[in-house]
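Participant: Attaching a predicted model along with its sequence, questions to come.
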Amino acid sequence: MDFNRILNGMLRAARLDKSFYEEVEHDASYSQDALGVVILVSLVGALGGFIGGLGAGIGAAIGSFILQVVLGIGGYYLWVFIAHWVGTQFFKGQGDMGEVQRALGFAYAPRFLNILSFIPCLNVLIGIVAWIWSIAAGFVAIKQSLDQDDTNAILTMVVSAVVVFVITLVLTIIFGGILGIGAAVTSGLSR
């Protein structure tokens, strides 16, 4: 992996550069880079959850960190699968799983803002801005990777995002409860 290429890609993706998403869609060499973006963003978000979870104890904070990284990466793969399936089966999308994987991986780039989520008075605002920005990037990624019109891309994104959110929330509740870190994990959900 070339970190400079990843960083440049993150910047272009965050700018919602349609030509970049088109480039990523057609170039399989971006697959590892896209996963690298997701891992980096998941680690940054989990770090904020770790710091926020310290009030519940170091064990809860560590558990929260691990769970958030796993859910971040797992949620990405789940979103890729569901977006591809929903988009191609119901909303006239054309594209393979790899194209969606690469485009959605880079759509996570705006969530890097969560590196600033440790700032108490700004953490919620930063989380909201990063979330909205990544939704916009996700729209461009789905539209370009599945070659859809705006309406079908929005429908694909909304349906797939809701399904992923519900599954992730259920898993967070189950595993957070089992590990006794529910409060620490839910404090990091906005990150």
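Facilitator: That came in fine, so what should we check first?
Participant: In this protein, where is pLDDT below threshold?
Facilitator: 176-191 (pLDDT under 70).
Participant: can you give me the strands in this protein?
Facilitator: Taking DSSP state E, the chain contains no strands at all.
Participant: What residues does the residue nearest the centre of the chain make contact with?
Facilitator: Nearest to the geometric centre of the chain sits Tyr108, at 4.5 Å (CA atoms, centre = their mean). Going by CB atoms under 8 Å, 6 or more residues apart in numbering, Tyr108 touches 37-38, 41, 76, 134, 137. C-beta coordinates here come from the backbone N, C-alpha and C atoms, glycine included.
Participant: now do 10 Å
Facilitator: Going by CB atoms under 10 Å, 6 or more residues apart in numbering, Tyr108 touches 10, 13-14, 34-35, 37-42, 45, 72, 75-76, 79, 130, 134, 137-138, 141.
Participant: next one: Gly138
Facilitator: Gly138 is in contact with 79, 83, 103-104, 107-108, 110, 153, 156-157, 160-161, counting by CB under 10 Å, 6+ apart.
Participant: Go through this structure and flag its longest helix.
Facilitator: If you go by DSSP state H, the chain has its longest helix at helix 58-90.
Participant: distance between stretch 67-77 and the chain's centre?
Facilitator: Distance of stretch 67-77 from the chain centroid (CA atoms, centre = their mean, to the nearest Å) equals 8 Å.
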